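# Quick one: sequence and predicted model below, then my questions.
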Amino acid sequence: MAANKIAKGVMEEVQKWGAMKQTGVSLLYMMEFGSRPTPRNLLISAQFLHKELPVRIARRAIELDSLPYGLSNKPAVLKVRDWYLDSFRDLRSFPDIKDKNDEFEFTQMIKMIKVRHNNVVPTMALGVQQLKKDLNPKMDYNDLDEIHQFLDRFYMSRIGIRMLIGQHVALHDPNPPPDCVGYIHTKMSPVEVARSASEDARSICLREYGSSPDINIYGDPNFTFPYVPTHLHLMVFELVKNSLRAVQERFMDSDKVAPPIRIIVADGLEDVTIKVSDEGGGIPRSGLPKIFTYLYSTAKNPLDEQPEIDLETATTMAGYGYGLPISRLYAKYFGGDLQIISMEGYGTDAYLHLSRLGDSEEPLP
């Protein structure tokens, strides 16, 4: 395929599918449907994905082709667009799914698609960096609002696509862990997930700085609710990592003991809220809007050093500033939110709200 031009027939097909309506599913629905992974249900699930995935993927391919400021022509973005087009073609050329055999073949194919898209986030980050190099450095990032909104839609859609594929694939596990329905843990303890995410963040802090503040967790470890532990782990890991870094850098050359980071887990009727509090000096109010943009990071992109890392598992203390905006999308995906409240000169509180009801539809961009 030529670098920039897409065959006319393919683009027409993509346009046709991109115009169709997407169908959102809720956590509750995925949980109830997946709790009986009979061959018939797996067949229904595969037939749904066979129709749904091309619609979602086509929408992103169309957008990737028409981004402002010439972002669509950046080599990294062209690469991502080609992954989306390849996946669209794979899905569209797969015949109707009629029996167990078809379903098995289809599942193998969507597994491959998921792997193909592993590096979408860092590759898009690279594309945005390629763009930033060309733009006037004095340009106000608020002018890049369009790009920011696109990335929000794009990454939110990606979370949904990966959740649907991952959920379907996981339902094939012959020995699922107890209380798990695919990716969903029906009795997830937020305190336990917070503990494991904190330990991961702490070990990275130790590796990078040689020491790490303590982390204290408050909440009932026996309290559970249905959620996707990998999503929660990713969000808490990100928040704790930011707090550790702030505290570590503030107290590095001080003779005072670094104050601990506090994590509080509260269970309300509608929401489970996790608060991560640090005394890392806070963020000035003028800087707060920037922390949720994709175009701002105080750290350098790890991709500059090692282009082939998989971001889902990448572990550096500071990334390319994508942790917070992407964590907020994960929270919103199942009806939650992420808010950051800061006291400059003292510290920062992050509030992660998770919907307890699990009945909100996916937000479909």
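Done, it's in.

# Just name the shakiest helix or strand of the chain by mean pLDDT.
In the chain, no helix or strand scores lower on mean pLDDT, DSSP states H and E than helix 302-305, which sits at a mean of 52.

# next helix or strand past that one?
Where DSSP states H and E defines the elements, the next helix or strand beyond helix 302-305 is helix 323-333.

# Name the residues that touch the helix or strand following that following helix?
Proceeding N to C from helix 323-333, the next assigned helix or strand is strand 337-343, under DSSP H and E. Outside of strand 337-343, the residues that reach it under the criterion C-beta atoms under 8 Å, 6 or more residues apart in numbering are 235, 282-285, 288, 291, 324, 327-328, 331-332, 348-353. The C-beta positions use only the backbone N, C-alpha and C, and glycine is treated the same way.

# In its sheet, which strands sit next to strand 337-343, and in what direction?
strand 347-355 (antiparallel) (DSSP bridges).

# Could I get the buried residue list for the partner strand?
By neighbour count, with 16 or more other C-beta atoms under 10 Å as the criterion, the buried positions of strand 347-355 are 347-355.

# And stretch 91-100, by the same measure?
Neighbour-count burial for stretch 91-100 [16+ other C-beta under 10 Å]: 91-92, 94, 97.

# Quick check: the two most widely separated of the residues you listed?
In the buried residues of stretch 91-100, two members sit farther apart than any others by C-beta to C-beta. They are Arg92 and Ile97, at 13.3 Å.

# Now the terminal residues of stretch 27-43, how far apart.
Taking C-alpha to C-alpha, to the nearest Å, the first and last residues of stretch 27-43 lie 20 Å apart.

# any idea which of the buried residues of stretch 91-100 is the one closest to Arg202?
Among the buried residues of stretch 91-100, Leu91 lies closest to Arg202 (C-beta to C-beta), at 41.3 Å.

# so who does the closest one touch?
By C-beta under 8 Å, 6+ apart, Leu91 lies in contact with 50, 53-54, 57, 109-110, 113.

# just Phe48 next, same as before
Phe48 sits next to Thr23 when contact means C-beta under 8 Å, 6+ apart.

# can you list the weak-confidence ranges in this structure?
In the predicted model of the chain, residues 1-5, 137-143, 296-321 satisfy pLDDT under 70.

# hey, where'd the strands end up in it?
Chain-ordered strands for the chain, with DSSP state E as the definition, fall at 180-181, 184-188, 215-218, 225-227, 261-267, 271-278, 337-343, 347-355.

# about what we covered before: with distance to Val257 as extra columns, can I get the buried residues of stretch 91-100 in JSON lines?
Rendered in JSON lines, the data for the buried residues of stretch 91-100 read as follows (distance: C-beta to C-beta, whole Å):
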{"residue": "Leu91", "distance to Val257": "56"}
{"residue": "Arg92", "distance to Val257": "60"}
{"residue": "Phe94", "distance to Val257": "60"}
{"residue": "Ile97", "distance to Val257": "61"}
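
# Select from those every entry located in helices.
For the buried residues of stretch 91-100, the ones inside helices are 91-92, with DSSP state H as the criterion.

# Which one of the buried residues of stretch 91-100 is nearest to Val228?
Leu91 (23.7 Å).

# what distance separates stretch 229-239 from the middle of the whole chain?
If you compare the mean C-alpha spot of stretch 229-239 with that of the full chain, they lie 10 Å apart, counting by C-alpha atoms, centre = their mean, to the nearest Å.

# Counting neighbours, which bits of it end up buried?
229, 231-232, 234-239.

# Closest one of these to Asp278?
Nearest to Asp278 out of the buried residues of stretch 229-239 is Leu239 (C-beta to C-beta; 9.2 Å).

# quick one: contacts for that closest one?
When contacts are taken as C-beta under 8 Å, 6+ apart, Leu239 is in contact with 276, 327, 350, 352.

# now Ile110
49, 53, 91, 165, 168-169.

# can you do 6 Å?
Listed by C-beta atoms under 6 Å, 6 or more residues apart in numbering, the contact partners of Ile110 are Ile165.

# Now do the helices in the stretch 51-200 of the chain.
Using DSSP state H, counting those that start in this stretch, the helices of the stretch 51-200 of the chain run over residues 75-92, 100-116, 120-134, 145-170, 190-209.

# Run through the bridge partners of Val181.
Here Val181, judged by DSSP bridges, has bridge partners Ile184.

# Would you agree it is in contact with Glu32?
No. Because the distance of 8.5 Å does not satisfy C-beta atoms under 6 Å, Val181 is recorded as not touching Glu32.

# Neighbour count: the two, which is higher?
Val181 (20 against 12; other C-beta atoms under 10 Å).

# Tell me who's in contact with the more buried one.
With contacts defined as C-beta under 6 Å, 6+ apart, the neighbours of Val181 are 31, 34-35.

# Look up how far Leu364 lies from it.
Between Val181 and Leu364 the distance is 22 Å, computed by C-beta to C-beta, to the nearest Å.
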